[in-house]
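K.L.:
the sequence and its predicted three-dimensional model are supplied below.
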Amino acid sequence: MTPDTVVIGAGLAGLTCALRLTEGGCKVAVVAAGAGSLHLGGATIDILGYDPAVVTSPAAALGSFIRSHPGHPYMRVAPSLWAGALEWLRARCEPLQLTGSLDENLMLPTAAGALKPSALAPRSLAAGDLGSGGKLALVSFSALKDFYPRLAAANLNRAQPGPTERVEARAIDLHGTVAGEADPGTLRLARAFEEAAFRDEIVARLKGRIEPGERVGFPAVLGLHRSPEVVAELAERIGEAVFEIPTLPPSIPGMRLHALLNRALRKAGGRVVMGASVVSSASHNGRLEAVSTDTGSRRSSHGARDFVVATGGVSAGGVTLDSSWRFKESALDLPLAGVPPPGTERFCADVFGSHPVSRVGVAVDEEWRPLDADGRVVYNNVRVCGATLAGAEPHKEMSGNGISLVTGYAVADAILRS
Ligand SMILES: Cc1cc2nc3c(=O)[nH]c(=O)nc-3n(C[C@H](O)[C@H](O)[C@H](O)COP(=O)(O)OP(=O)(O)OC[C@H]3O[C@@H](n4cnc5c(N)ncnc54)[C@H](O)[C@@H]3O)c2cc1C
């Protein structure tokens, strides 16, 4: 089949856009080099966490944030689309029981023991919300090298979610091998938690060690595809609420979300070609006609009426920076906005601080079409969404998945209206 739309990229932005287009009656093909950032960063939809102080209500803060950040991707999202995008995702990911809203950020514990403001999160993560403080027991597997509950508990004990709210956290160590392995990794553990015998062993090892009223936090490994049942069973048997904290990559909650969207897209009739990097393109009279992908074994050409670039930002390879300070949009070599001059300091001391490189991306018009340095549309039938867009500082703002969800949704809306 010749698709109506080719979406380049299978991260949250690309999958959202592709699924919504497919549901709207378009024939869609997704071509993607890899799985994208969801496998790295977790499944929380952070709309706006800092501006620059912590944001308690994204709905209340977005208006002034957009006014004071001209050129930010949120500027182009019609007000009517925000709530719709969140509800759309909630309905597509029903097994994850996405919890939260635009009105109030959850305050979720991180693996480092910070509190992260998130608008929407799978219920297994949202159950750890510390907006009102609380008592936590964080379970550690000494064999799992990617999660340090002692550090998390020590930092959480210094956290102050509000003027009167307090967090009391402690770590419970489960020493020894896990599932027969000395160095299991999050994926191995997630699979082990889907086995009844392994859950029996964990419940037995925690017996008598949880105090009444303590919520029990695990690294986010409580099942790969059956997490709601695993969490519910553990909570019932332990007798207290159970929640998950995202670990270092790979992110099991992100894999769950990615798998659900991928499956929904294929079920709706969308085609997904993974391992396919876009390496060249053909255009005529201001319209893109086809992109060529290289899968290692062969090259293929993909023509369509419309194209969507959802290739991610600097951290995912959608925008690259070489040692000669040359920035490049990796799929179509689109013009990039916000490129800082050569000699700009490459590093900043604060990992969540402000750095001009994070704002580098593709500038777009009100129809999400890419613009050159003079503000002219580069291709009439190409639209851009997600972390490829210029003007945001997702790590500083805590807006990464929020941008990808709402702009992927908005780009599909623009194509369906065209
Ligand atoms: C470690 C880490 C932790 C994070 N934590 C959070 C968090 O807690 N909360 C939050 O909201 N955000 C977080 N983020 C940010 C968030 O994950 C991203 O901003 C967002 O998911 C980006 O989605 P995307 O679809 O725009 O791009 P991506 O998910 O990066 O997807 C890009 C897609 O394009 C493909 N691609 C790239 N180049 C090509 C090409 N030339 N040809 C074909 N395909 C190509 C990639 O393979 C991939 O499929 C984190 C990011 C990282 C890296």
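P.N.:
Perfect, thanks for sending it. What you are looking at is a predicted structure, and each value in this text was computed from that prediction instead of being measured.
K.L.:
tell me where the stretch 1-150 of the chain has helices.
P.N.:
Taking DSSP state H, counting those that start in this stretch to define them, one finds helices in the stretch 1-150 of the chain at 12-23, 38-41, 58-68, 81-92, 123-126, 149-156.
K.L.:
any part of the longest helix along the chain near the ligand?
P.N.:
In the chain, taking DSSP state H as the definition, the longest helix is helix 400-417. Yes. Contact of helix 400-417 with the ligand (CB under 6 Å from any ligand atom) involves 400, 401, 402, 404. Bear in mind the C-beta positions are built from the backbone N, C-alpha and C, glycine included.
K.L.:
wait, what's in contact with the residue of the stretch 201-350 of the chain found nearest the ligand?
P.N.:
Closest to the ligand within the stretch 201-350 of the chain is residue 312: 2.6 Å, counting by CB to the nearest ligand atom. Contacts for residue 312 (CB atoms under 8 Å, 6 or more residues apart in numbering) come out as 9, 11, 13, 36, 37, 318, 319, 386, 387, 388.
K.L.:
for residue 363, same thing?
P.N.:
For residue 363, the contact set (CB under 8 Å, 6+ apart) comprises 71, 335, 337, 338, 370, 371, 389, 390, 391.
K.L.:
same thing but at 6 Å, please
P.N.:
Shown in contact with residue 363 (CB atoms under 6 Å, 6 or more residues apart in numbering): 337, 371, 390.
K.L.:
for residue 272, state which of these is nearest.
P.N.:
Set against residue 272, the nearest of the contacts of residue 363 by CB to CB is residue 390 (26.9 Å).
K.L.:
okay, now the closest one: neighbour count?
P.N.:
Other residues lying near residue 390 total 23 when counted by other CB atoms under 10 Å.
K.L.:
please report the distance of it from the ligand.
P.N.:
Using CB to the nearest ligand atom, to the nearest Å, we find residue 390 at a distance of 13 Å from the ligand.
K.L.:
bridging residues for the closest residue to that residue other than its chain neighbours?
P.N.:
In space, residue 390 comes closest to residue 361 once its chain neighbours are excluded; the distance is 3.5 Å by CB to CB, 6 or more residues apart in numbering. Applying DSSP bridges to residue 361 gives these bridge partners: residue 337.
K.L.:
so residue 361 touches residue 389, yeah?
P.N.:
Yes. Using CB atoms under 6 Å, residue 361 is in contact with residue 389, at 4.9 Å.
K.L.:
and the strand or helix carrying residue 173, how far out from the chain's middle?
P.N.:
Under the criterion of DSSP states H and E, residue 173 resides in strand 167-174. With CA atoms, centre = their mean, to the nearest Å as the basis, strand 167-174 stands 27 Å off its chain's centre.
K.L.:
pull out the buried positions in the helix or strand just after that strand.
P.N.:
Scanning forward in sequence from strand 167-174 by DSSP H and E, the next helix or strand is helix 185-192. Buried residues in helix 185-192, counted by 16 or more other CB atoms under 10 Å: 185, 186, 188, 189, 190, 191, 192.
K.L.:
what does stretch 300-309 give?
P.N.:
302, 304, 305, 306, 307, 308, 309.
K.L.:
just stretch 23-39 next, same as before
P.N.:
Those buried within stretch 23-39 under the rule 16+ other CB under 10 Å are 23, 26-39.
K.L.:
what residues does stretch 83-93 touch?
P.N.:
So stretch 83-93 is contacted by 98, 120, 260, 264, 405, 406, 409 (CB under 6 Å, 6+ apart).
K.L.:
and stretch 15-33, how far apart are its ends?
P.N.:
13 Å (CA to CA, to the nearest Å).
K.L.:
what sits against the residue lying closest to residue 125 once chain neighbours are set aside?
P.N.:
Take residue 125 and drop its neighbours on the chain: the residue closest to it by CB to CB, 6+ apart is residue 244, 5.5 Å away. Applying CB under 6 Å, 6+ apart, we find residue 244 in contact with 124, 125, 218, 220, 222.
K.L.:
roughly how far apart are the second one and the ligand?
P.N.:
Taking CB to the nearest ligand atom as the criterion, residue 125 is separated from the ligand by 10 Å.
K.L.:
number of nearby residues for that residue?
P.N.:
For residue 125, the number of neighbouring residues by other CB under 10 Å comes to 28.
K.L.:
likewise for the fourth one?
P.N.:
By the measure other CB under 10 Å, the count of residues near residue 220 is 29.
K.L.:
what pLDDT does it get?
P.N.:
Looking at residue 220, its pLDDT stands at 96.
K.L.:
isn't it right up against residue 253?
P.N.:
Yes. Counting by CB under 6 Å, residue 220 touches residue 253, with 5.1 Å between them.
K.L.:
show me which of the contacts of stretch 83-93 is closest to the ligand.
P.N.:
residue 405 (8.7 Å).
K.L.:
run through the residues that contact that closest one.
P.N.:
Contacts of residue 405 by CB under 6 Å, 6+ apart are 12, 16, 45, 85.
K.L.:
and the first one, how many neighbours?
P.N.:
By the other CB under 10 Å criterion, the neighbourhood of residue 12 contains 32 residues.
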